[in-house]
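Enquirer: Model the structure of this input:
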Amino acid sequence: MKLSLAISSPLISDLRNYKPDWLSKDLIAGLSVAAVQIPTAIAYAQLAGMPPEIGLYASILPVIVFALLSSSRQLVVGPDAATCTMVASLVAPLAAGDSVRYIALSSALSLASGLIMVIGGFAGMGFIVNFFARPILIGFLNGIAASIIVGQMGKLLGISLSKSDFIPCIIELASSIGQTNIMALAIGLGTFLLLVIVNRLAPKAPSALIAIALATVALVMLGGEALGVKLVGAVPAGLPHLGLPTIGYHAGQGLFVSALGLVIVSFTSGMLTARSFAARSHTAIDANREMSALGAANLASGLCGAFVITGADSRTAVNAACNNKTQLASIFAALATAAVAAFFTQPLAYVPLTALAAVLIYSAAKLLDFSSYRELKNIDILEFNLSILTTIGVLALGVLPGVAFAIALAVTIILMRIYKPEDTLLGAIPGSDVFTDLTANPDNQTRPNIIIWRFDGPLVFFNADFFKMRALQVIEEAKTPSRWFILSLESISQMDSTGIKALAELHDELTAKGIKLLLARPKLYMRRLRDGSQLKEHITPDTVFSSIHLAVSFIEDQEKAATSD
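Expert: Numbering: from 1, shown residues only. Below you'll find the model as predicted:
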């Protein structure tokens, strides 16, 4: 990646060729995004355990930095449910109730995450987005959603809870249900209902802004504060002051390790959103650039005293729905948010916490995706189980341990599949020289003295014995004795020294049984491996064929020659 990241960014290029009629579209899109961004930023700051103004800070300079560097013209970054939940779970135990230290630790976590992503992007590590498997992501987001819903129920009901973990929180909720504040519950449910109605009737409208504004008006008119409904409280006006947090060396070491898990979630979530909207607009996304851009945005967030951000799907959807033309829309949204933070924070003091809880619960409910569970179950029971276990892990162990558990489980499943890959016998399609799977095509033609077998996986050290065992088992299970064994190599993508040894041993064992081993459809690497290893003593060039058809023709010629003799 070039160091001139900003100079070559799409926004700079777009500004050079900016059309006058684009300005109104970008301005409208930016203001629409801000209308969604401001209330959700305050709500997500609460979810992260931070003061409301910090959510606004995370939506100003970081958004501008990302807009200048991103390869996406539509992606809007900002606070997000998953990352805010992770921030709270990682920072709270270290802060030990010290609110000043909590903010410093959150900022340091954002700086560490940003630094990792910037370095990773320049090092070409954007491909890691492909390693966060879909079943893990589904399970993770469902776990996060359930955790948010349960965690916000106390605020919705007007109950003060001391527990934050999923199961203890449910137990405490059940035992404290009698302390419900009816006014808080009414305002919270009303806010939730408004969100549902507005999103259904006017999907492009800033539903969170409308619902929170009406909830605040209702609270003031009904005298809810006097009835015990808790408010956001005074929000300091002003813009963030840039600086580095002071947390100490040992805390910094621990946060850097925690940041690795947060980077995976933040980058993967952002890239999924970016790719989704890029596919709709038929534009390309550079994963390495996005990683560096998101890293730079998180560095900016940390310098502002804020927390880790990622791609925001709801704000990106608003941006796209308003037909924005460039990332200038994100900059307009950030400037509008900055204006509110600097001059118009006083009304935010009267926002009821139960209304913010309703916004978070509604956002979390939209994350719940049970239909994907059903889809995974129909496709692959192992992936279904992995997704379910990820959800359980997130809820029972916590966010980061749950993700680590799921990734370890996914790696185990991958290794299991490589250890015991599929294999199949092949036969010729009637009337052709094409050979396909006999299980799927039972009418394919076979020869009684020839076995044609395909091993569908790499041949490496931990499955070499299985490969040899399966080959011999196939021969033993044959209905008639065989004289020829054709090994189709097109699905063996990789072979190491142990695999070569297993192939040589198979050759010797088949020879002892009076069976001739032929190789068909070899990869290019096979010639190099054969010439540089003991295989050349076992596999001669006249027993290796570019196709199964040629191998079968060779056998027929050999048999004819033997008959004529």
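Enquirer: neighbours around His250, how many?
Expert: Neighbour count for His250, taken as other C-beta atoms under 10 Å: 8. Glycine gets a C-beta too; all of them are placed from N, C-alpha and C.
Enquirer: and what of the one 4 residues further on?
Expert: Neighbour count of Gly254, defined by other C-beta under 10 Å: 16.
Enquirer: Report whether the expected contact of Leu303 with His241 is present.
Expert: No - using C-beta atoms under 8 Å, Leu303 is not in contact with His241; the gap is 9.3 Å.
Enquirer: Show me which of the two is the more surrounded one.
Expert: Leu303 (22 against 9).
Enquirer: leaving aside the residues next to it on the chain, what's closest to that one?
Expert: Leu242 (4.8 Å; C-beta to C-beta, 6 or more residues apart in numbering).
Enquirer: cool, and Leu11?
Expert: Gln327 (4.4 Å).
Enquirer: Does the one you found touch Ile64 like I think?
Expert: No - using C-beta under 8 Å as the test, Gln327 is too far from Ile64 to be in contact (9.3 Å).
Enquirer: More neighbours: these two, which one.
Expert: The residue with more neighbours, out of Gln327 and Ile64, is Gln327; 30 against 19, by other C-beta under 10 Å.
Enquirer: quick one: contacts for that one?
Expert: 10-11, 14, 66-68, 70, 72-73 (C-beta atoms under 8 Å, 6 or more residues apart in numbering).
Enquirer: hang on, the earlier thing: check the spacing between the residue nearest to Leu11 and Lys560 real quick.
Expert: 71 Å (C-beta to C-beta, to the nearest Å).
Enquirer: what do you get for Ala145?
Expert: Distance from Ala145 to Lys560, by C-beta to C-beta: 69 Å.
Enquirer: cool, and Lys516?
Expert: Distance from Lys516 to Lys560, by C-beta to C-beta: 15 Å.
Enquirer: Then Leu303?
Expert: Using C-beta to C-beta, we find Leu303 at a distance of 80 Å from Lys560.
Enquirer: which residue is nearest the centroid of the protein?
Expert: In the chain, the centroid-proximal residue (C-alpha atoms, centre = their mean) is Thr268; its distance is 3.8 Å.
Enquirer: following the one helix or strand that one maps to, which helix or strand shows up next?
Expert: Using DSSP states H and E, Thr268 sits in helix 249-281. Downstream of helix 249-281, the next assigned helix or strand under DSSP H and E is helix 287-303.
Enquirer: Check which helices and strands that following helix is in contact with.
Expert: Using 3 or more C-beta pairs under 8 Å, 6 or more residues apart in numbering; DSSP states H and E as the contact definition, the elements that helix 287-303 packs against are helix 61-69, helix 99-122, helix 249-281.
Enquirer: Which residue ranges of the stretch 301-450 of the chain form helices?
Expert: 313-321, 328-343, 353-367, 370-379, 381-397, 399-419 (DSSP state H, counting those that start in this stretch).
Enquirer: got the angle for the fifth one vs helix 370-379?
Expert: Direction vectors for helix 381-397 and helix 370-379, defined by axes from the mean of the first three to the mean of the last three C-alpha atoms, to 10 degrees, enclose an angle of 140 degrees.
Enquirer: Give the buried residues for helix 381-397.
Expert: The neighbour-count check on helix 381-397 (16 or more other C-beta atoms under 10 Å) flags 383-391, 393-395, 397 as buried.
Enquirer: and what of the second one?
Expert: Within helix 328-343, the residues that qualify as buried are 328-334, 336-338, 340-341, counting by 16+ other C-beta under 10 Å.
Enquirer: Same list (those) but as CSV, adding pLDDT and distance to Val129.
Expert: Formatted as CSV, those follow (pLDDT from 0 to 100; distance: C-beta to C-beta, whole Å):
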residue, pLDDT, distance to Val129
Leu328, 94, 26
Ala329, 94, 24
Ser330, 95, 21
Ile331, 96, 25
Phe332, 96, 28
Ala333, 96, 25
Ala334, 97, 25
Ala336, 96, 30
Thr337, 96, 28
Ala338, 97, 31
Val340, 95, 33
Ala341, 96, 32
